[in-house]
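Peer 1: Need coordinates for the following:
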Amino acid sequence: MLEQLFAGTGMDIKASNQRMKALTSTEGLPFNPLRSRTFNSRKAQELAKWSDVNNTSESLHPQLYEAYFVRGENVAELDVLMNIVELSGLQIEDARLSLQSRQFKQAIDKDWAYASSIEITGVPTFVYGGYGLVGAQPYQELLRLVQ
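Peer 2: Model (predicted):
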């Protein structure tokens, strides 16, 4: 539960979710402002890396986003991830074998180590030209970062 995760931090989860809803609405993205849970996304990250290597990110990444941020699905569960792969129109058995063998574990470990080395502490973080921007941001802020 998000309340337990952020207990004692002073974070207003309801206000944070409403801010995210406003930001995502501006960009035409769905978001469930009532979401109250978070899940370990490690396997989803490995699945995303599998799709990146297979040039299928455009179909998988939006499905991962919707499963997690809109439907509140537990992306730590293999069956949930395989349903996402199926919704994406991708090869279920290839994806399952990749996750079961932990084919991209080291690649994700390397990504995490790099993020830690440049002191990334939040998701998402956008890095460009030596500068960073933490958190979901409006388009204008992203534009300002790259300019």
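
Peer 1: When you work out contacts or count neighbours from here on, use the C-alpha atoms and nothing else.
Peer 2: Will do.

Peer 1: outside of the helix or strand hosting residue 141, which residues touch it?
Peer 2: Using DSSP states H and E, residue 141 falls within helix 139-146. The contact list for helix 139-146 (Cα atoms under 8 Å, 6 or more residues apart in numbering) reads 27, 126, 128, 129, 131, 132, 133.

Peer 1: Strands along the protein, start to end?
Peer 2: Secondary structure of the chain (DSSP state E): strands located at 125-128, 131-134.

Peer 1: Out of the ones you listed, which gets nearest to residue 110?
Peer 2: strand 125-128 (16.5 Å; Cα to Cα).

Peer 1: buried ones in that closest one?
Peer 2: residue 126 (16 or more other Cα atoms under 10 Å).

Peer 1: Pull the residues that contact that strand.
Peer 2: Counting by Cα under 8 Å, 6+ apart, residues outside strand 125-128 touching it are 132, 133, 134, 135, 136, 142, 145, 146.

Peer 1: and if you look at stretch 55-64?
Peer 2: By Cα under 8 Å, 6+ apart, stretch 55-64 touches 44, 48, 51, 84, 85, 87, 88, 89, 90.

Peer 1: switch the cut-off to 7 Å
Peer 2: 48, 51, 84, 85, 88 (Cα atoms under 7 Å, 6 or more residues apart in numbering).

Peer 1: how much space is there between residue 52 and residue 129?
Peer 2: Separation of residue 52 from residue 129 (Cα to Cα, to the nearest Å): 23 Å.
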